[in-house]
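Asker: I'll drop the sequence and a predicted model, then ask my questions.
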Amino acid sequence: MRFHRSHLCVVPLLACALFAGCKDKDAVKVYRVSKAEEPQAPAPPHASAPHGSDMGALPQTGAPMDAGVPAGPPSAVTGNPPPNWEAQPLTSMRQASFLVKGDNGAAADISLVALAGTAGGVLDNVNRWLSQLGQPEITADQLAKTAQHVSSALGDATVVDLAGLPEGADAAKDGRIIAGIASGEGRTYFFKMRGNAALAESQKDGFIRWIGSVRVGEPLPSHP
């Protein structure tokens, strides 16, 4: 059998092309990863409620503006809370903490937080609380017409009464925020009660009297 010279030249060229193709196939590996297998960012940690308390079932009250600037170590707080308020363990932010319970699972969370400086001002914090209740913001004029002023040892306290039930919220534990803001000696004090609307209404007078009775003394020791 006779081969044409050009055929002999084609054979080596084909062999080289096939060899190069095999090398490329071995060198390049493509992996397909399903969406479920993609690494997920870790979920942010959630603060847990003190063991044995009912606070975990209550809505997150939210820290005041500029909450990253606490006013030093916790101080000794005295006052006259109503006898049906149950004292709760303190946290790094709270200088006083209570839980009050009503009928049919109703509950309200009560706290006192002290921050350095103005901590965002009264209007900004009131509008933040309104947003927690799913309500629109108000103006400074509207705040002036609706706010109540209470004399306290910590300074003049601006007290607001806000109502609204966020979408999907439990009406037994949410629907009302009654809060007071007082400033003095480079600190801002936030008194806050949030919980069932009817229960908060029944505790409002006691809450306002408590604001007027609170005294903050020397910082508590770091160790017992």
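Answerer: Looks like it came in fine.
Asker: so where does Leu112 fall, helix or strand?
Answerer: For Leu112, the host element (DSSP states H and E) is strand 107-116.
Asker: With just CA atoms, put that strand into PDB.
Answerer: Taking Å, rounded to 0.1, in the frame of the first residue of the first chain, the C-alpha atoms of strand 107-116 are listed here in PDB:
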ATOM      1  CA  ALA A 107     -46.500  40.600  81.200                       C
ATOM      2  CA  ALA A 108     -44.400  43.800  81.000                       C
ATOM      3  CA  ASP A 109     -40.600  44.300  81.300                       C
ATOM      4  CA  ILE A 110     -39.300  47.300  83.300                       C
ATOM      5  CA  SER A 111     -35.800  48.700  83.200                       C
ATOM      6  CA  LEU A 112     -33.500  51.500  84.100                       C
ATOM      7  CA  VAL A 113     -30.400  52.100  81.900                       C
ATOM      8  CA  ALA A 114     -27.800  54.900  82.400                       C
ATOM      9  CA  LEU A 115     -25.600  56.100  79.500                       C
ATOM     10  CA  ALA A 116     -23.000  58.800  79.200                       C
END
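Asker: how about the next helix or strand along the chain from it: buried residues?
Answerer: Helices and strands here follow DSSP H and E; after strand 107-116, the next one along the chain is helix 122-132. Residues 122-123, 125-127, 129-130, 132 are the ones in helix 122-132 that count as buried (16 or more other Cβ atoms under 10 Å). Where C-beta positions appear, they are placed from N, C-alpha and C, glycine not excepted.
Asker: Ala172: which of those residues is nearest?
Answerer: Gln132 (16.8 Å; Cβ to Cβ).
Asker: Return the distance of the closest one relative to Ser213.
Answerer: 26 Å (Cβ to Cβ, to the nearest Å).
Asker: all helices for the protein, in order.
Answerer: Assigned by DSSP state H, the helices in the chain fall at 5-27, 122-132, 140-146, 197-213.
Asker: and these, which one's lowest on average pLDDT?
Answerer: Across those, helix 5-27 has the smallest mean pLDDT, namely a mean of 45.
Asker: What is the burial count for Pro89?
Answerer: The burial count assigned to Pro89 is 12, neighbours taken as other Cβ atoms under 10 Å.
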